[in-house]
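coordinates for the following, if possible.
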Amino acid sequence: MSQIRFGIVIPQGWRNDLPQVSSTQQFKYSKGIVIEAERVGFDSVYAYDHFIPHYKYPSTGNFFECFTLLSAISTFTKKLKIGQIVTCNSYRNPALLAKMVATLDVITNGRTELGIGAKWYEEEYSAYGYQYFSDITRILQLEESIQIIKKLWTQKVADFHGKYYSTKDAVCLPKPIQKSHPIVMVGGSGEKYLLKVAAKYADRYNLYYGTPEEMKRKISILKEYNAQKRKIEYSIVLPCLVTNKYEEVEKTIKKISRVDMTVDQFKKSVAGGLTVGTIDDIINGVSQYVNIGVSHFIFHFLHLDQNILKKFPRVIKKSKLFF
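Next up, the predicted model:
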């Protein structure tokens, strides 16, 4: 089995996860969380590639741009892998994106990953003036983009002539530090087309907020599509609410939920709630994913308790998952 790794989502404004202070203080808060995550033993940090909060909640809330945030955060870290969950292919020309990630890989001395997907947030596309093509078109565009990006990272000159994108005599200098190139993590849930792209090009496949049953199905389909038997890691983004005592869960839910919800209702709304509860509950939940082959976990903490954060990686890495 691949080594099990744990990442954390940087507080960014996606789900009301920034304190109600000035924008500069909010950045300092996010920076502090990342520094602490590295200190206590997390393996990686990630940012969402969106422009507005999840369904505009709160409608006036700040939301930090993905690559600007990652570039700034990366200079305060030495070990953490730096990635996106996941880059929206539609928002940047693939040649530009290749250049951005290569530069970030130099800045981080070889710690950058590229998470990329076809995306889904139609309201965001409309708000920012991007054309929202059909699912199949966005996935075909994604497939061309990954080919261009890999060419630019690994070849002296990259020529590509596709239906949606093309490059001619394109050069990407500096090249990424990592050889042959940074990890490409393809994210998404579409089984008919998206998983075919992941099977052909991904080093890691990522599912957002999926249950073990959903993830098991995705892995099975990926293996069917993976005719070349490429080595692909399996990753998942999981909502995580961890408390010292289970009795505190309901109290915390009332603090962070938009509506009045019972514990069971809340759990059902966040991937079955397998990562809601005490650290022992979290370990039991994570083990269900480990048993089906998932080796990379990205936790989106719905409520950050600094004391729990400090011991979370240490406790979970000493659990039965690693033996």
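
gap between the residue nearest the centre of the chain and Thr262?
By CA atoms, centre = their mean, the mean C-alpha position of the chain lies nearest to Ile85, the distance being 2.5 Å. Using CB to CB, to the nearest Å, Ile85 is found at 29 Å from Thr262. Using the backbone N, CA and C atoms, a C-beta is placed for each residue, glycine as well.

likewise Gln178?
Distance, Gln178 to Thr262, by CB to CB: 46 Å.

ok, now Leu104?
From Leu104 to Thr262 the distance is 43 Å (CB to CB).

more crowded one of those two?
Between Leu104 and Thr262, counted using other CB atoms under 10 Å, Leu104 has the larger neighbour count: 21 against 10.

neighbours of Ile283, just the number please.
18.

quick one: the strands in the chain?
5-9, 44-47, 81-84, 87-88, 114-117, 158-161, 166-170, 184-187, 204-208, 233-242, 276-277, 296-301 (DSSP state E).

which one of the ones you listed lies nearest to Pro19?
strand 296-301 (13.7 Å; CB to CB).

partner strands of the closest one, with direction?
With DSSP bridges as the test, strand 296-301 is paired with strand 5-9 (parallel), strand 233-242 (parallel).

please work out which of the ones you listed is packed deepest.
Counting by mean count of other CB atoms under 10 Å, strand 233-242 has the highest mean neighbour count of the strands paired with strand 296-301, with a mean of 24.

which residues of the stretch 51-200 of the chain fall in helices?
Assigned by DSSP state H, counting those that start in this stretch, the stretch 51-200 of the chain shows helices spanning 66-74, 94-107, 122-128, 135-154, 194-201.

in the third one, what counts as buried?
By neighbour count with 16 or more other CB atoms under 10 Å, helix 122-128 contains the buried residues Glu124, Tyr125.

again with the fourth one
For helix 135-154, a neighbour-count test (16+ other CB under 10 Å) marks 138-153 as buried.

repeat that for the second one.
Burial within helix 94-107, assessed by neighbour count using 16+ other CB under 10 Å, is assigned to Pro94, Ala95, Leu97, Ala98, Lys99, Met100, Val101, Ala102, Thr103, Leu104, Asp105, Ile107.

Ile149 is in contact with the first one, correct?
Same thing as Pro94. Yes - between Pro94 and Ile149 a contact is recorded at 5.5 Å, counting by CB atoms under 8 Å.

quick one on the thing from earlier: could I get the strands paired with strand 296-301 as a markdown table with distance to Glu123?
Converted to a markdown table, the strands paired with strand 296-301 look like this (distance: least, CB to CB, whole Å):
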| stretch | distance to Glu123 |
| --- | --- |
| strand 5-9 | 21 |
| strand 233-242 | 21 |
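
need the ones you listed in JSON lines (columns: distance to Val157 and mean pLDDT).
What follows is the strands paired with strand 296-301, written out as JSON lines (distance: least, CB to CB, whole Å; pLDDT from 0 to 100):
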{"stretch": "strand 5-9", "distance to Val157": "34", "mean pLDDT": "94"}
{"stretch": "strand 233-242", "distance to Val157": "30", "mean pLDDT": "93"}
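
so which of the ones you listed is nearest Lys200?
Among the strands paired with strand 296-301, the nearest to Lys200 by CB to CB is strand 233-242 (15.2 Å).

output that closest one as CSV, restricted to C-alpha atoms.
Extracted in CSV, the C-alpha atoms of strand 233-242 (Å, rounded to 0.1, in the frame of the first residue of the first chain):
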residue,chain,number,x,y,z
GLU,A,233,-2.9,7.2,-6.4
TYR,A,234,-6.4,7.7,-4.9
SER,A,235,-7.2,10.8,-2.9
ILE,A,236,-10.3,12.3,-1.3
VAL,A,237,-11.3,15.7,0.2
LEU,A,238,-13.2,15.1,3.4
PRO,A,239,-15.2,17.5,5.6
CYS,A,240,-13.8,17.2,9.1
LEU,A,241,-15.3,18.3,12.4
VAL,A,242,-13.3,17.0,15.3
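
could you quantify the relative orientation of it and strand 204-208 as an angle?
Here strand 233-242 runs at an angle of 30 degrees relative to strand 204-208 (axes from the mean of the first three to the mean of the last three CA atoms, to 10 degrees).

so what's Gln80 up against?
Gln isn't right for residue 80; it's Leu. Val34, Ala37, Glu38, Phe42, Asp43, Ser44, Val45, Arg111 (CB atoms under 8 Å, 6 or more residues apart in numbering).
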